[in-house]
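Engineer: Sequence first, predicted model second:
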Amino acid sequence: MTDTLGSTGRDWRRIGLYVVLAALVVFYMMPLWTGLMTSIKANALSTAPFLPPAPNGFTAVHWTRAANALAGGLVNSLILAVPATILSALLGSMAAYGLTTLDWRYQVPILMLFIAGIFIPYQAVLIPVSKFWAVYLPLGEYGAAVGIPKWLGDLGGLIVTHVAYGIPICTLLFRTYYKDFNDEMIEAARIDGASVHGIYRRIILPLSVPMFAVTLIYQFTQIWNDLLFALVIVGPGQGAPVTVPLAQLGASLSEVGFGIRMAGAFVAALPTIIVYVLFGEQFAEGVST
Amino acid sequence: MARLELDSLTKHFDDDGDTIVAVDDASIDIEDGEFLVLVGPSGCGKSTTLRMIAGLETITQGELRIGGQRVNEAKPRDRDIAMVFQSYALYPHMTVRENMSFGLEESTDLSDSEISERVESATDTMGISSLLDRKPSELSGGQQQRVALGRAIVREPEVFLMDEPLSNLDAKLRAQMRTELQRLQEELDTTTVYVTHDQTEAMTMGDRIAILNDGELQQVATPLEAYHTPANEFVAGFIGEPSMNFFDVDLDGERVAGDGLDLPLSESVRGELTTDALVLGIRPEDVELKKTVEGDHDVSVTVDVVEPMGDENNVYLSLPDTPEGETFIANVDGRTRVEEGEDIAAHLPEDAMHFFDRQTGEALRNREFDPDEDEFSL
């Protein structure tokens, strides 16, 4: 008797759990779903935003137009995000190795500087940074002087900026990870004759793969999605990362292009989704350690 | 092969402005091919001493020489040593083969084929040839231990340093590895410094043992010398299981007396005692049990607890007029019949008595012991 009651109680609890989960799925998926539906409707206002288009109201024109308009930006964003992501993760890992596994004076104050770096808001450095790249180190103009397109040089400045901004958080993430490494393992490597550089390359780096997945996903998303630095340092034009043309997409005096904006948002977000899928497994492993 | 000399090694740690002396003026000469065990309670400085030899800690004062060469400033890689760690410290992402060849790749110019030859011969010695392509996570504790040892011997160093390498193994495996390690060390004839807190390991494995306490070297001696002629009360209490029995006694004329004891001493023993405030020590196996008090060195006792070990019994005895729970131990044949609560007598033979200065702990008189004496030959 008690048994039946108990199992009924569990059943109800389970039903409740699934209801809540389903509600959360709907809550999170609704914006995406609505966006997707809007992007394939010939007339965005023909049906309610979350309903699919009527059979004769379907169109792919927003997607093709958005893809065409953003193609250049996507390429620029890749040129920007791939090296910036890899560099910031790699440098962060090296800095963390130097600040955690090795032993020298003034480690703590330097670590404090790194951590303070995490909390500097973009807006606070916007003017100095833009002035720095425009006046003191105009990479675009230097490049143009030796035959490299100006926009590529400007992108270079943006890459360095993002790397600099990414190093503190990457360092902190790697440091937390390296602190759990067995000290005796590092000492064994020292006695085995490995140099500081050899220990990093042959011991630390191979063991960092899960944390690299975390930092790569995190940094790639950050850099890919950034509009502020992109707009200020590179600006609209040939070298603009995808977020810049995306912001301008579908803006006109006569109407608001909901369809093309939604399609554009999906096109621009696609690479980050691909990165999540590719590194998802290592990401989960890295987060759980 | 090399001789290892520790000349007044001292290590100070800085703890927020306070200086902590971890190792104080330790001098030991370790002969070529010798197996020296550094033993002491935790925090006594034995690991720090080993780490100074390895080059993992700087040396505050004193000199360290390997093969006559001063190596205080040399990096670990230049000291020609190999170390086995308590946690094994294997590289988790490498196979057994890679773990063992790592040191040769980093510190020698050997060709790949020479390296794999040496790795294979080392794995043969350790009996782990079948594990060459496994990762450490796929090995049992005992197998990891063998890989860690293999990683040390493959380097063919001048000196082996071992930091409690057996303490993570279960009791049976530990006893087995103990013998194996000894056999291995004899075969390779490499100078070895072995750190442990376990006096059984120290007694059974070492050619000589160095006993440390509070950063200070207490005695360096062969296991039997340390057992029979301890330099002080600490060594006497640390070496031996169960520990030596100690009684606070005072010398009064021709007798020593203290808590329930009143024993006459012969003139020759008295002559060695330079002070009156003494500690009398006697090993459990030297205490003999009798039915009744008969002679001068017999005392009446009550049996408190009997611990049968099979081959022998540990009998906990209490003297009359002493607080409850204050007992001393007699170690007697396992077939001896004694009952808890029984009133019997214990004989404390004079020639087995040790006397220590109660103030300094220094041994004033040890039992007679000559390892070369004919009495003990077969």
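Structural biologist: Structure received.

Engineer: Does chain B have contacts with the longest helix anywhere in chain A?
Structural biologist: Across chain A, the longest stretch assigned as helix under DSSP state H is helix A:61-100. No. With Cβ under 8 Å from any Cβ of the partner chain as the criterion, chain B is not reached by helix A:61-100; the gap is at least 15.2 Å. (Glycine included, C-beta is placed from N, CA and C.)

Engineer: what helices or strands is that helix leaning on?
Structural biologist: Where contact means 3 or more Cβ pairs under 8 Å, 6 or more residues apart in numbering or on different chains; DSSP states H and E, helix A:61-100 is packed against helix A:2-39, helix A:107-118, helix A:150-179, helix A:209-225, helix A:243-248, helix A:258-288.

Engineer: Tell me which of those helices approaches chain B most closely.
Structural biologist: Closest approach to chain B among the helices and strands packed on helix A:61-100 (Cβ to the nearest Cβ): helix A:209-225, 8.7 Å.

Engineer: and that closest one, is it in reach of chain B?
Structural biologist: No. Counting by Cβ under 8 Å from any Cβ, chain B has no neighbours in helix A:209-225; the shortest distance is 8.7 Å.

Engineer: Next secondary structure element downstream of that helix?
Structural biologist: Remark: after helix A:209-225, the chain's next helix or strand is helix A:228-229, criterion DSSP states H and E.

Engineer: Identify the residues contacting that following helix?
Structural biologist: A:122, A:123, A:126, A:129, A:158, A:161, A:162 (Cβ atoms under 8 Å, 6 or more residues apart in numbering or on different chains).

Engineer: quick revisit: now the helices and strands packed on helix A:61-100 in CSV, with distance to residue A:45, mean neighbour count and mean pLDDT?
Structural biologist: Below are the helices and strands packed on helix A:61-100 laid out as CSV (distance: least, Cβ to Cβ, whole Å; neighbours: other Cβ atoms under 10 Å in any protein chain shown; pLDDT from 0 to 100):
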stretch, distance to residue A:45, mean neighbour count, mean pLDDT
helix A:2-39, 9, 11, 86
helix A:107-118, 44, 13, 91
helix A:150-179, 38, 22, 94
helix A:209-225, 29, 22, 93
helix A:243-248, 22, 19, 91
helix A:258-288, 8, 17, 86
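
Engineer: can you list those helices in CSV and add distance to residue B:72?
Structural biologist: CSV is the format used below for the helices and strands packed on helix A:61-100 (distance: least, Cβ to Cβ, whole Å):
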stretch, distance to residue B:72
helix A:2-39, 64
helix A:107-118, 25
helix A:150-179, 29
helix A:209-225, 37
helix A:243-248, 59
helix A:258-288, 42
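
Engineer: What is the most widely separated pair among the contacts of helix A:228-229?
Structural biologist: A:123 and A:158 (16.6 Å; Cβ to Cβ).

Engineer: which bits of chain A sit near chain B?
Structural biologist: So far as Cβ under 8 Å from any Cβ goes, chain A lies against chain B at A:182, A:184-185, A:187-195, A:198, A:202-203, A:206-207.

Engineer: Filter those down to the ones in helices?
Structural biologist: Going by DSSP H, the helices hold A:184, A:185, A:187, A:188, A:189, A:190, A:191, A:198, A:206, A:207 from those.

Engineer: Now list the buried members of those residues.
Structural biologist: Buried by 16 or more other Cβ atoms under 10 Å in any protein chain shown: A:184, A:185, A:187, A:188, A:189, A:190, A:191, A:198, A:207, out of these.

Engineer: Isn't residue B:306 up against residue B:315?
Structural biologist: Yes. Between residue B:306 and residue B:315 a contact is recorded at 5.5 Å, counting by Cβ atoms under 8 Å.

Engineer: and these two? which has more neighbours close in?
Structural biologist: Neighbour count, other Cβ atoms under 10 Å in any protein chain shown: between residue B:306 and residue B:315, residue B:315 has more, with 27 against 16.

Engineer: Tell me how far the residue of the stretch 51-200 of chain A found nearest chain B lies from residue A:274.
Structural biologist: In the stretch 51-200 of chain A, no residue comes nearer to chain B than residue A:193, which is 2.8 Å away by Cβ to the nearest Cβ. From residue A:193 over to residue A:274 the distance is 42 Å, taken as Cβ to Cβ, to the nearest Å.

Engineer: what comes up buried for stretch A:82-90?
Structural biologist: Buried residues in stretch A:82-90, counted by 16+ other Cβ under 10 Å: A:82, A:83, A:84, A:85, A:86, A:87, A:88, A:89, A:90.

Engineer: starting at the chain centroid, how far to it?
Structural biologist: Its chain's average C-alpha position is 11 Å from that of stretch A:82-90, according to Cα atoms, centre = their mean, to the nearest Å.

Engineer: what's in contact with that stretch?
Structural biologist: Stretch A:82-90 has contacts (Cβ under 8 Å, 6+ apart) with A:158-159, A:162-163, A:165-167, A:170, A:212, A:215-216, A:219-220, A:223.

Engineer: likewise stretch B:63-76?
Structural biologist: By Cβ under 8 Å, 6+ apart, the surrounding residues in contact with stretch B:63-76 are A:187, A:190-191, B:2-9, B:52-56, B:59, B:78-81, B:158-159.

Engineer: Alright, I will stop here.
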